[in-house]
Structures are given as structure tokens and as C-alpha cells.
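Peer 1: My questions are about this predicted structure, shown below with the sequence.
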Amino acid sequence: MALLHQRAASPPNPPNPSSPPRPAAPGKLPGLAMAVGGVALAWGVHALLPVVPMLTAAVVLGIAAAHLPGVRAKVRGAGKPGLTLAGKRLMRVGIVLLGLKLSLDDVLGLGWATVAMVLAVVAATFFGTLWLGRRLGLRGDQPLLIATGYSICGASAIGAVSEVSGSDEEDVATSVALVTLCGTLAIAVLPLLHHPLGLGDAQFGRWAGASVHDVGQVVATAQTAGQAALGDAVLVKLMRVALLAPLVAAVAVSARGRRRGVVQASGKRPPLVPLFVLGFLAMVAVRTTGLVPGGVLDAAQHAQELLLAAALFGLGSAVHLPSLVRTGGRVAALGLSSWVVIAGASYGGVLLTT
């Protein structure tokens, strides 16, 4: 018994100094530094080519970094933790600040007919894309994410929904790449259809706001028809952004059901409404008060763009082109079909409400 007591009381053996040290896990700083560099490059691309939105450039640069021979090993190795952090945490903060772009007074000023049109277009695009994606047999959450990106606000919406659905990182990256590609093509294609479709400038602006995915892409598309078109386009687009909160809440409710077994195992229950969605709604309320100075709104907009650019660079770096090529035909078919649905539905809606 004394021997057992002596053994129990003796301190643990010290580590053997001759044994090799364990390699430290890579921290988040290298990946965050890569994201900052990607944002700087994206800003430079936008400065040289204003027609290319900074967020679009950030996604493309992230995809390029993940495949360049001299860089991809660092991106998928030491840089991965930080890039993943950028793609998730910075995305949430950027979405919260996105709420400062939206005022309820601006939305209601467009009239109830326009509000109803936007609701109908979003619903038709979301459920139509989701149904077709399942029929095409796309993997995982790709149909949900693509439907969200096309119907609401592009990559930002995909990032928000993926946070509550627990989507696979590769599914998120593939969906972001597809929505970004189609939104970029819209910048060149839609202005060519302005006059052949018989649309006035204000009608064209509303059509762009209702059918183009990302806010920056809407601005780049609508500005070709003048300031009046641009103003209507941004307001209609922000109405779609406002639908992000109820959609994310609905997905969160669905995810709670799917994760019931995980909840029982871990004792943790996912929130009904994610904190960043509440933050988004709070920023909408703050903007509606009209008490926020213009300088603060401008600074918040710049911060939001930088944060989303860093997040999209991180998401782009997770794209694996060989995997995208393997499902490219079905993904491209879904993207094209969804683009036709939202463009056609919004065109009809604009004609009926103006």
C-alpha cells in the first residue's frame, strides 16, 4: 500500500528532451494576412477596371490563389485556418453592416405593388431553383445555397444561409463561384437588352435590381442607364436583401430539426435566429431612425465592402476546380435555368407594376 501511495504521489515523468517537438498547428494569422492581401489586390483590380466590382474580383482572386502552383500549397496548408475564419466570421460582421444600407422608409416608398413583385420574384426563383437542383441530383446543400444566392443577394446570402445550415465548405465555395460568374455576366448582358426589350430607364433599373445577384453587380449594371435607373435598382435590390433575415430564420428552424440527434448528443441547441441576423435587423432599425450621420454610413459601407471582400476571398480559396468540373454540367444547367427564371419573372413584374 505504501508503494502504491508513493507511486500515486510521485510527479509525472518529465518530457524527454531528446524526443522531437510536436509540430505546432498553423495559426490563423497567415490566412488572415492572405485575405488582406487578396482584398488589396481586388481593390486594385476595381480601381483599374471600375466595371469589375471589388467583391467579384475578390472571389476570382481567391479561386486563382487556390490553384496557382506557387501559392496553392500555402493556401491549403498554413493559410487554411485563417481563410476559413475570414469566410465565416468576417462574413457575419459584413452582413450585419449590410443592414445599414436599408431603410424601411425607402422600401415602402416604392409602393406595395413593387413590394409584392419582389416577393413573387424571390419566391419563384428560390423554390424553382431548389426543386430543379434536387431533380438534377446535385450534392449536399448546393441546391439550397444556389437558390438562396440567385433569389436574395448573391454570395452574401449564401454565406449567411451556410452559417445556419452547417453546409459543407466545398458546397459553399462552388455555389459562390457559380452565382458570382452569372452575376458578372449580367453586367455585360443586361445593358444590351435595355432597349430591345422596350424598357424605360427607371424600368431597366428595377429590372436590374430584381434580377442581378450582388449589390455591386446591380450598381455596375444599372448605372449604364443613368442615375434615375441606379436609384431604383438599389432600392429594389435592398428589398431583396431585407428578405435575407426571414429566409435565414426559416433555414435555422429546418436545421434545428435535422440536428436533433446532434443536440441530444452534445446538449447544445442551435439558435432559432442567429445573432448576426438579429444584428442585421438592428442595423436596419438604426438606419430607419435617420439619426446616423452620413459620414458614419459611408465609413460603415467601406468597412462592409472590405469585410465581405475578405470573406469572399476566403470562400474562393476553398473552390476546387476539378470537383467543380465533375459536376459542372448539372451546376451550369441549374445556374442558367435559375437565371432565366429570375430575369423572366422580374421582367414581367416590372412591366405589370410600372
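Peer 2: Nice, thanks for sending it over. Numbering: from 1, shown residues only.
Peer 1: Summarise which helices and strands the helix or strand Asp171 falls within is packed against.
Peer 2: Asp171 belongs to helix 169-193 when elements are defined using DSSP states H and E. Applying 3 or more CB pairs under 8 Å, 6 or more residues apart in numbering; DSSP states H and E, one finds that helix 169-193 contacts helix 54-65, helix 142-151, helix 154-165, helix 201-211, helix 215-222, helix 294-316, helix 321-326, helix 328-353. C-beta here means a position set from N, CA and C on the backbone, and glycine is covered the same way.
Peer 1: now these as JSON lines including mean neighbour count and mean pLDDT?
Peer 2: Below are these laid out as JSON lines (neighbours: other CB atoms under 10 Å; pLDDT from 0 to 100):
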{"stretch": "helix 54-65", "mean neighbour count": "25", "mean pLDDT": "83"}
{"stretch": "helix 142-151", "mean neighbour count": "27", "mean pLDDT": "91"}
{"stretch": "helix 154-165", "mean neighbour count": "27", "mean pLDDT": "83"}
{"stretch": "helix 201-211", "mean neighbour count": "26", "mean pLDDT": "91"}
{"stretch": "helix 215-222", "mean neighbour count": "26", "mean pLDDT": "76"}
{"stretch": "helix 294-316", "mean neighbour count": "21", "mean pLDDT": "87"}
{"stretch": "helix 321-326", "mean neighbour count": "12", "mean pLDDT": "67"}
{"stretch": "helix 328-353", "mean neighbour count": "18", "mean pLDDT": "89"}
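Peer 1: Select, out of those, the one closest to Val93.
Peer 2: Closest approach to Val93 among the helices and strands packed on helix 169-193 is made by helix 294-316 (5.3 Å; CB to CB).
Peer 1: Let's have the helices and strands packed on helix 169-193 in a markdown table, adding distance to Val39.
Peer 2: Shown next, in a markdown table, are these (distance: least, CB to CB, whole Å):
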| stretch | distance to Val39 |
| --- | --- |
| helix 54-65 | 6 |
| helix 142-151 | 21 |
| helix 154-165 | 14 |
| helix 201-211 | 26 |
| helix 215-222 | 14 |
| helix 294-316 | 5 |
| helix 321-326 | 22 |
| helix 328-353 | 26 |
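Peer 1: tell me which residues of the helix holding Asp171 are tucked away?
Peer 2: 169-180, 182-184, 186-187, 190-191 (16 or more other CB atoms under 10 Å).
Peer 1: and Ala249, which of the helices and strands packed on helix 169-193 is closest to it?
Peer 2: Using CB to CB, the helices and strands packed on helix 169-193 put helix 154-165 closest to Ala249, at 8.4 Å.
Peer 1: Give me the angle between that closest one and helix 54-65.
Peer 2: Interaxial angle, helix 154-165 versus helix 54-65 (axes from the mean of the first three to the mean of the last three CA atoms, to 10 degrees): 70 degrees.
Peer 1: How far off centre is helix 154-165?
Peer 2: Here the centre of helix 154-165 is set off from its chain's centre by 5 Å, with CA atoms, centre = their mean, to the nearest Å.
Peer 1: Show me what it is packed up against.
Peer 2: helix 91-98, helix 142-151, helix 169-193, helix 215-222, helix 244-258, helix 275-289, helix 294-316.
Peer 1: Can you check which of the helices and strands packed on helix 169-193 gets nearest to Gly231?
Peer 2: With respect to Gly231, and counting by CB to CB, the nearest of these is helix 201-211 at 7.0 Å.
Peer 1: pull the CA atoms of that closest one into PDB?
Peer 2: Extracted C-alpha coordinates of helix 201-211, given in PDB (Å, rounded to 0.1, in the frame of the first residue of the first chain):
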ATOM      1  CA  ASP A 201     -34.600  53.900 -67.800                       C
ATOM      2  CA  ALA A 202     -36.500  53.500 -64.500                       C
ATOM      3  CA  GLN A 203     -37.900  50.200 -65.600                       C
ATOM      4  CA  PHE A 204     -34.500  48.900 -66.500                       C
ATOM      5  CA  GLY A 205     -33.200  49.900 -63.100                       C
ATOM      6  CA  ARG A 206     -35.900  48.000 -61.300                       C
ATOM      7  CA  TRP A 207     -35.300  45.000 -63.600                       C
ATOM      8  CA  ALA A 208     -31.600  45.000 -62.700                       C
ATOM      9  CA  GLY A 209     -32.400  45.400 -59.000                       C
ATOM     10  CA  ALA A 210     -34.800  42.500 -59.100                       C
ATOM     11  CA  SER A 211     -32.700  40.100 -61.200                       C
END
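Peer 1: mind checking how far it is from the chain centre?
Peer 2: Using CA atoms, centre = their mean, the offset of helix 201-211 from its chain centre is 22 Å.
Peer 1: Give me the angle between that helix and helix 169-193.
Peer 2: Orientation of helix 201-211 against helix 169-193 (the same axes, to 10 degrees) gives an angle of 170 degrees.
Peer 1: for Ala42, what are its contacts?
Peer 2: 54-55, 57-58, 61, 309, 313 (CB atoms under 8 Å, 6 or more residues apart in numbering).
Peer 1: Name the nearest of those residues relative to Val241.
Peer 2: Distances from Val241 to the contacts of Ala42, taken by CB to CB, are shortest for Leu55, at 13.8 Å.
Peer 1: check contacts around the closest one.
Peer 2: Neighbouring residues of Leu55 by CB under 8 Å, 6+ apart: 42, 155, 180, 214, 216, 305, 308-309, 312.
Peer 1: For Val350, state which of those is nearest.
Peer 2: Closest to Val350, out of all of the contacts of Leu55 and judged by CB to CB, is Asp214, at 19.4 Å.
Peer 1: Thank you, goodbye.
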